[in-house]
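Visitor: Using only what follows, build the 3D model:
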Amino acid sequence: MTRVSRVFRFTALAGFAAFAALATLTAAPAHAAPAGFAFLEVPATARAAAMGGAYSAVADGAEASFWNPAGLAGVQGTQFSATHIESFEGLKHDQFALAGRMWGGGLSGSLRAMYSQPIDERDDLGNLVGSFGSHDLEFQAAYGRTFGSRVRGGFGLQAVRERIASEAATTWSGSAGVTWDPAALRGARVAFVAQHLGPAANYVIDGQRGGDMALPMAVQSGVSWNRAAGHGLDYGLALDTRFARGRQGILAAGGELRSTTGAALRLGWRVNDDIANVSAGLGWRIGRANVDYAWVPSKLDLEDTHRFSFAAQF
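Guide: Numbering: from 1, shown residues only. Here you go, the predicted model:
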């Protein structure tokens, strides 16, 4: 391949990234009522959060269950991923995924949960009469495989449930994604994914059906690029755009510096996000296991969040 051809294709990839960034920054909020199930919009895994959520073209293996099912094509052996997030007002998030090779690709089962500490329940006079809990859950089965040498695709099916005290609302959804590794630019990847595609849920209280609680349907596209830096170091860069129901478009950029010793340093930046703009984190690889940490300071009058992930391959 000639140098001119390589330059042209790199310019095309850079042009795609620039167009995506411009479209995100100028997009108005979607003309739809605010969606429910907000926990689905919390960036999953500590590594992804540290990189600002610029992860649709980076996710690979079991953790791809939460980002782009096409990344499940990279599953080798059996992989496990677990994340715990300490959030504001006592909210906690847990995410688990287990994946293995099957049917020529990668198959995963995952659980995503947000739950609160017990909440005081009071009567009309303000007297404490007990407590109640609440939680949000997503159960998913997903599959991804390679098509040819440079294209991967995948899909997932989810059951989504929200419960407050004794009342609950349940629905289902689907997701699908693809990635492409351009031959002209070694280490580059382009990705597109659609998530949370499904009907609205409704609470039924005293026999009365409540209003629609829509899923946060979203489309995300991104590019990533990995290169060797010499002296036992390599780095990765990623840029994503995300459009979700009832929200402004988000531009996310992330970077990661990795060492052959297993250590990694990560930074992230988000534009148009209501909660956080910057993030940072660390990672450590020990044999076939990875431990990751992310710090996400809030731009609102809320507590910063700390996220911890553990992943292993067997």
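
Visitor: Low-confidence regions, the stretch 51-200 of the chain specifically.
Guide: Low-confidence segments of the stretch 51-200 of the chain, defined by pLDDT under 70: 88-90, 117-133.

Visitor: can we see that at 90?
Guide: For the stretch 51-200 of the chain, the stretches flagged by pLDDT under 90 are 85-93, 114-135, 148-149, 163-168, 184-186.

Visitor: Between the two ends of stretch 206-216, how far is it?
Guide: One end of stretch 206-216 to the other measures 27 Å (Cα to Cα, to the nearest Å).

Visitor: Secondary structure class of A73, three-state.
Guide: Classification of A73 by DSSP: H, G, I helix; E, B strand; the rest coil places it in helix.

Visitor: So what's the residue count around G61?
Guide: 23 (other Cβ atoms under 10 Å). C-beta coordinates here come from the backbone N, C-alpha and C atoms, glycine included.

Visitor: and if you look at A113?
Guide: A113 has 16 nearby residues by other Cβ under 10 Å.

Visitor: Same check on T261?
Guide: For T261, the number of neighbouring residues by other Cβ under 10 Å comes to 10.

Visitor: how near is the closest residue to it other than its chain neighbours to A263?
Guide: Nearest non-adjacent residue to T261, counting by Cβ to Cβ, 6 or more residues apart in numbering: G232, 7.3 Å away. Remark: distance between G232 and A263 (Cβ to Cβ, to the nearest Å) = 10 Å.

Visitor: Which one's more surrounded, these two?
Guide: Comparing G232 with A263 by neighbour count (other Cβ under 10 Å), the higher total belongs to A263, at 13 against 10.

Visitor: wait, what's in contact with that one?
Guide: Shown in contact with A263 (Cβ atoms under 8 Å, 6 or more residues apart in numbering): L282, G283, W284, R285.

Visitor: re earlier: which residues touch the residue nearest to T261?
Guide: Counting by Cβ under 8 Å, 6+ apart, G232 makes contact with S259, T260, T261.

Visitor: Before we move on, what's the pLDDT of it?
Guide: pLDDT recorded at G232 is 91.

Visitor: Need phi/psi at it.
Guide: With angles defined as degrees, to the nearest 10, G232 sits at phi 80, psi 20.

Visitor: again, but for the one 3 residues further on
Guide: Backbone torsions for Y235, taken as degrees, to the nearest 10, come to phi -140, psi 160.

Visitor: Tell me, how many residues neighbour it?
Guide: The tally of other residues near Y235 (other Cβ under 10 Å) stands at 15.

Visitor: likewise P199?
Guide: The burial count assigned to P199 is 11, neighbours taken as other Cβ under 10 Å.

Visitor: And for T179?
Guide: For T179, the tally of surrounding residues (other Cβ under 10 Å) stands at 29.

Visitor: L107 versus that one, what's the distance?
Guide: T179 is 17 Å from L107, by Cβ to Cβ.

Visitor: same question, L239
Guide: With Cβ to Cβ as the criterion, L239 and L107 are 29 Å apart.

Visitor: okay, these two: which has more neighbours?
Guide: Per other Cβ under 10 Å, whichever of L239 and L107 has more neighbours is L239, with 24 against 19.

Visitor: before we move on, back to that, okay, the residue nearest to T261 and G77: tell me how far apart.
Guide: From G232 to G77 the distance is 26 Å (Cβ to Cβ).

Visitor: roughly how far is stretch 207-219 from the heart of the chain?
Guide: Chain-centre distance of stretch 207-219: 21 Å, with Cα atoms, centre = their mean, to the nearest Å.

Visitor: Actually, stretch 246-259.
Guide: Here the centre of stretch 246-259 is set off from its chain's centre by 11 Å, with Cα atoms, centre = their mean.

Visitor: same deal with stretch 244-262?
Guide: 10 Å.

Visitor: same deal with stretch 233-247?
Guide: Offset of stretch 233-247 from its chain centre (Cα atoms, centre = their mean): 10 Å.

Visitor: Let's see that stretch as CSV, backbone CA atoms only.
Guide: Below are the C-alpha coordinates for stretch 233-247, written out as CSV (Å, rounded to 0.1, in the frame of the first residue of the first chain):
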residue,chain,number,x,y,z
LEU,A,233,5.2,1.5,26.9
ASP,A,234,2.2,1.7,24.5
TYR,A,235,-0.8,3.9,24.5
GLY,A,236,-4.4,4.0,23.3
LEU,A,237,-6.6,6.9,22.3
ALA,A,238,-10.4,6.9,21.9
LEU,A,239,-13.1,9.3,20.8
ASP,A,240,-16.9,8.6,21.0
THR,A,241,-20.2,10.3,20.5
ARG,A,242,-23.4,9.2,22.2
PHE,A,243,-27.0,10.3,21.7
ALA,A,244,-29.6,9.0,24.2
ARG,A,245,-33.3,9.7,24.4
GLY,A,246,-34.1,13.0,26.0
ARG,A,247,-30.5,14.1,26.5
